[in-house]
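Colleague: prediction below, plus the sequence it came from.
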Amino acid sequence: MFRIIKKSLKIGVVTGQYQKGEPAAVPVVPEVKKKAGLFKRSFAIREVDTGSCNACEMEMNALMNPVYDAEQFGIHIAASPRHADALIVTGPVTVNMERALKDAHKQTPDPKLVIALGDCAIHCGMFKGCYAVTGPVERHIPVDVRIPGCPPRPADILEALSELRNGRP
C-alpha cells in the first residue's frame, strides 16, 4: 500500500492537464436554454451508446469520479430513459441501435433534451461511410446540443451540462 501511495505522490495528478484558455466551443441556443431552464436543481441524464468506440463513454464515466464530481452540480446518471431529463447519445447510429435509440427517445418524458456527444454522434466521425452506420444522431431524432471532440474532454462536457442546468445566457 505504501508503495502505491509513494508512486502516486511521485507522479502527481494525471487528469485534467489541459491547456489553459482553450475555448470549450459548445454553443447553446436560447430556445434550448429556455427548455433546460426547468431543470434548475437537478439534471438526470441517460447515456445511450449507438455504436461508438467507447472513448466518449469513458469520458462520461470520468464525470462521476472525484476529480470532476458532476454530482455536486446536481447532474445525475439515470438508469432508465423514463427517469431522465436528457439523453446523451454517443457514436454514430448503427443498424442494430437505430430502433433502440428511437425507443429511448420516445420513453424520455417531455420536455427532453438530446445531446450529441462527440464527433461520431455529430457527423459519424471515423465511421462515416461504414456499411453498418445509418448516419449521425440528428438524422434519427432531433438534437438540441452538440458537444464536439474525439472524445470531448470531461471538463467540456461538464461545462455544457452545467450551462444547460443553470440556464446561463
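Modeller: It's in. Quick caveat, the model's predicted, so the values are computed rather than measured.

Colleague: which one's the longest strand in this structure?
Modeller: Secondary structure of the chain per DSSP state E: the longest strand is strand 43-49.

Colleague: average pLDDT across it?
Modeller: When pLDDT is averaged along strand 43-49, the result is 86.

Colleague: can I get that strand in CSV? Just the C-alpha atoms.
Modeller: C-alpha atoms of strand 43-49 as CSV (Å, rounded to 0.1, in the frame of the first residue of the first chain):
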residue,chain,number,x,y,z
PHE,A,43,-30.4,17.2,-14.1
ALA,A,44,-30.8,13.5,-14.7
ILE,A,45,-29.1,12.2,-17.9
ARG,A,46,-29.3,8.9,-19.6
GLU,A,47,-26.4,7.9,-21.8
VAL,A,48,-27.2,5.9,-25.0
ASP,A,49,-24.3,4.3,-26.9
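
Colleague: now do it: everything it contacts.
Modeller: Here strand 43-49 makes contact (Cβ atoms under 8 Å, 6 or more residues apart in numbering) with 57, 60, 74-81, 83-91, 97, 100-101, 104, 108, 115, 161, 164-165. In this view, the C-beta of every residue, glycine as well, is placed from N, C-alpha and C.
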